[in-house]
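Peer 1: Could you look at this predicted model? Sequence included:
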Amino acid sequence: MMRFPTGSQWSLMVIIALMVATIAASQDLEFFASKLLPQSVAITVLILSIVALGIDFRAQSRMPEADISSIDTVEAGTGAEDWTILIIAGWIFGLALSIYLFGFMISSVLFVCLYMKWHGSGWVSSVIISVVFTSILYLVFNAALQVDLYRGQRFL
Amino acid sequence: MLESLGQAIGNFGNVWIWAWIMGGIVWGLVFGLIPGVGSLTGMALFLPFVFKLDFLEAMPLLVALSAVGFNGGAITAILIGVPGEAPNVATVFDGYPMTKKGQGARAIGAALTASITGGVLAAVLALGMVFAIYPLVMALTSKEMVFVILIGLIFISVLGRGAKLKGMISGGLGLLLSSFGLASVTGEPRFTFDIAFLYDGFHLVPFALGMFAVPPMIELAMKGGSGTITADASKISGLKDVWAGARDVLQHKMLWLRSTIIGYFFGIMPGIGASAAVFIAYGQAKQMSKTPELFGTGVVEGVIAPESCNNSKESGSWLTTLALGIPGSGTGAIALGAFTMLGVYPGPSMLGEHMDLTLTLILVLAVSNLIGGAMCFVLAPYLSSVARIPGRVLVPMVLVMIFAGAYAYKGNYEDVLVLLLFSVIGVAFRRFGYNTAAFFVGFILGGLFENYLFVSLQSGGVLFFLRPIPLLLIVSILVFFLYNPFKEFLKRREERGAQ
């Protein structure tokens, strides 16, 4: 039965690839003192990752077929969790994009209001809380800390 | 040194330091109360503001915040059966059953008294130990510091959460990440890819927020946006029951003392989380009890042990952070980041040049435990309602604050992108069993480690480690790694011999 790498194994493979790239990139550095830390650490992490991946594969190969499929089931069983994380990630990336386009103040009101509404709050409470919160945000950052929060590409 | 102690005490004459301590206590209690959030997130959220403050404003707040976080968590653990922070889990075992038996007030009294007194005793021990270890710490040169940092990082990597190898990989990745930007030794750009923003390396604030503040919010959001706590809180019947709990700590003095000392010494050792120390304290309380079978049914000893341990552990970990620059806990790691932002580097230089500030912070620990505990005594019934703020309200507001904090640090939108990057990495780390604390500590200490290493090689050559302390530390590292495999090897040889 084909054993698809687990998420953990994929992460180790990504790290191995990154370490190889780091070692290659640091060869171009001019000074030995500049290369010392990145190369020594990258080589160490590369070795550790290969060992960890090997141990992981060996442990997986020693498992009976029935247990392998149960691991796959466990991995698949967290699919619902993964989907939830993706939805939340969507909200977070949406917030970042909104901040880029419209700035903090508008994005804060929109995000808090829409998030609360999406999760079951009423319109009135969502709007009130989002406006009050954004006002506090403005007072704390712009007024008290003298930080001009990003206004967004739309208003720059 | 006595002069430094005098200066430290004199700092408390400034009314503003008390204001910052109170701010830290309130912030720490609120964040400690909210299950799944914790004082670590509270500290990370405060980081963007550190650069606007000076040392005696920012650090008392952070120290106070870390000192009282577990107090808040104990209240929800006892009243609602949900630990505010991971080290409060053991408090639930007996605290919540006590509430169900109508003894919630007594449990709160016992928990807070144990926390206050445990934290204060540990702070006093830390104060004494600073004087005791001062000559040793001042004898450390760059050659020794290379290995002190290395062994500290290894301890955090291996003893913290997750598999050992992944812990070390995490620490290594943190060290590597610190090398982005201009090399401190040569000024040569490393891994900047001609992006101007990266010449400064990754900024600490969006990194810390992405690793420590965003993932807990994601976890909170995953629990369901409709609410954090749905159970009803038990009412606290009256002050006399709370004082009964305080008297219980007096009646179980030896248990309290043992648990405090366990927490303190676990706190000194970097990497051993508060959760592990607390379970060990709970375990010893059960073992040494005359009625171990009653543990888990609502006995006050089951509350005293973990609560005295978790506060004393925090005080112990501050000693390691301040004296050696090796954070003993996640909150210590964030504090270390704050120190570097303020231009003060914990370790030998801090003890040498800023002994008064070191002693001030240890005194803040003691004072915060006292004030925070006293506030909890009075406000416990009301504080528990903070834990019932619905997730759908809390999550979006905290996320916006996180983004604003990341931006506010330097006023660059690129920091928001860095925040996103490290949020993804933070979630992936938790998902696949890597060690977030080791990663962060590697990042914080990477620059320092590289400087010490470079200076050591320049002055001592390749064999710079041929000195007593470095050799001792190298032997310790080897023993640490080889002890278990060697034991296994002897055991297998014995079994083969027996066959």
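Peer 2: Cool, got the structure.
Peer 1: what are the ranges of the strands in the stretch 101-250 of chain B?
Peer 2: With strands called from DSSP state E, counting those that start in this stretch, the stretch 101-250 of chain B shows them at B:181-182, B:189-190.
Peer 1: And for the first one, what's in contact with it?
Peer 2: Residues from elsewhere that reach strand B:181-182 (Cβ atoms under 8 Å, 6 or more residues apart in numbering or on different chains): B:E188, B:P189, B:R190, B:F191, B:T192, B:L198, B:Y199, B:D200, B:G201, B:F202. For every residue, glycine as well, the C-beta is placed using N, CA and C.
Peer 1: I'd like to know the average pLDDT value across that strand.
Peer 2: The average pLDDT within strand B:181-182 is 90.
Peer 1: Each with direction, which strands does it pair with?
Peer 2: Take DSSP bridges as the rule and strand B:181-182 pairs in its sheet with strand B:189-190 (antiparallel).
Peer 1: Show me the contact partners of the partner strand.
Peer 2: A:S26, A:L29, A:S34, A:P38, B:S179, B:F180, B:G181, B:L182, B:A183, B:Y199.
Peer 1: Kindly reformat these as JSON lines containing neighbour count and distance to B:A110.
Peer 2: Listed next are the contacts of strand B:189-190 as JSON lines, based on neighbours: other Cβ atoms under 10 Å in any protein chain shown; distance: Cβ to Cβ, whole Å:
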{"residue": "A:S26", "neighbour count": "21", "distance to B:A110": "56"}
{"residue": "A:L29", "neighbour count": "19", "distance to B:A110": "59"}
{"residue": "A:S34", "neighbour count": "22", "distance to B:A110": "57"}
{"residue": "A:P38", "neighbour count": "25", "distance to B:A110": "52"}
{"residue": "B:S179", "neighbour count": "25", "distance to B:A110": "49"}
{"residue": "B:F180", "neighbour count": "20", "distance to B:A110": "49"}
{"residue": "B:G181", "neighbour count": "19", "distance to B:A110": "50"}
{"residue": "B:L182", "neighbour count": "16", "distance to B:A110": "54"}
{"residue": "B:A183", "neighbour count": "23", "distance to B:A110": "54"}
{"residue": "B:Y199", "neighbour count": "13", "distance to B:A110": "55"}
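Peer 1: wait, what's in contact with the closest residue to chain A within the stretch 1-150 of chain B?
Peer 2: Here the stretch 1-150 of chain B gets closest to chain A at one residue, B:K52, 5.8 Å apart by Cβ to the nearest Cβ. Taking Cβ under 8 Å, 6+ apart as the criterion, B:K52 is in contact with A:L145.
Peer 1: Give me the three-state assignment for it.
Peer 2: Here B:K52 is coil, with the state taken from DSSP: H, G, I helix; E, B strand; the rest coil.
Peer 1: From what I see, B:G38 and B:A86 are in contact.
Peer 2: Yes. The pair B:G38 / B:A86 is scored as a contact, 7.5 Å apart, by Cβ atoms under 8 Å.
Peer 1: neighbour-wise, which of the two wins?
Peer 2: Taking other Cβ atoms under 10 Å in any protein chain shown, B:G38 and B:A86 do not tie; B:G38 has more neighbours (28 against 19).
Peer 1: Excluding chain neighbours, give the residue nearest to that one in space.
Peer 2: Leaving aside its chain neighbours, B:G38 sits nearest to B:E85 (4.4 Å; criterion: Cβ to Cβ, 6 or more residues apart in numbering or on different chains).
Peer 1: Could you report the neighbour count for the one you found?
Peer 2: Taking other Cβ under 10 Å as the criterion, the count of residues near B:E85 is 29.
Peer 1: about what we covered before: out of the contacts of strand B:181-182, who's nearest A:I15?
Peer 2: B:F191 (15.6 Å; Cβ to Cβ).
Peer 1: just to revisit the earlier point, can you redo the contacts of strand B:189-190 as JSON lines with distance to B:G460?
Peer 2: Output for the contacts of strand B:189-190, formatted as JSON lines (distance: Cβ to Cβ, whole Å):
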{"residue": "A:S26", "distance to B:G460": "24"}
{"residue": "A:L29", "distance to B:G460": "23"}
{"residue": "A:S34", "distance to B:G460": "20"}
{"residue": "A:P38", "distance to B:G460": "22"}
{"residue": "B:S179", "distance to B:G460": "22"}
{"residue": "B:F180", "distance to B:G460": "28"}
{"residue": "B:G181", "distance to B:G460": "27"}
{"residue": "B:L182", "distance to B:G460": "26"}
{"residue": "B:A183", "distance to B:G460": "21"}
{"residue": "B:Y199", "distance to B:G460": "31"}
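Peer 1: which strands and helices sit next to the strand or helix carrying B:F46?
Peer 2: According to DSSP states H and E, B:F46 maps onto helix B:38-50. Contacts defined by 3 or more Cβ pairs under 8 Å, 6 or more residues apart in numbering or on different chains; DSSP states H and E place helix B:38-50 against helix B:15-33, helix B:55-79, helix B:204-208, helix B:214-222, helix B:330-341, helix B:391-410.
Peer 1: The longest one to helix B:330-341, inter-axis angle?
Peer 2: What separates the directions of helix B:55-79 and helix B:330-341 is an angle of 170 degrees, with axes from the mean of the first three to the mean of the last three Cα atoms, to 10 degrees.
Peer 1: is helix B:55-79 anywhere near chain A?
Peer 2: No. Using Cβ under 8 Å from any Cβ of the partner chain, helix B:55-79 never reaches chain A; the gap is at least 13.0 Å.
Peer 1: Please name the residues that touch the residue nearest to B:G38.
Peer 2: B:E85 neighbours (Cβ under 8 Å, 6+ apart): B:G32, B:G38, B:S39, B:G69, B:F70, B:G73, B:A274.
Peer 1: Enumerate every residue touching the first one.
Peer 2: Yep, that's B:G32 we're talking about. B:G38, B:S39, B:G42, B:V68, B:G69, B:F70, B:N71, B:G72, B:G73, B:G84, B:E85.
Peer 1: For these, give me a markdown table that also has pLDDT.
Peer 2: Below are those laid out as a markdown table (pLDDT from 0 to 100):
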| residue | pLDDT |
| --- | --- |
| B:G38 | 76 |
| B:S39 | 79 |
| B:G42 | 84 |
| B:V68 | 83 |
| B:G69 | 80 |
| B:F70 | 79 |
| B:N71 | 80 |
| B:G72 | 78 |
| B:G73 | 82 |
| B:G84 | 73 |
| B:E85 | 74 |
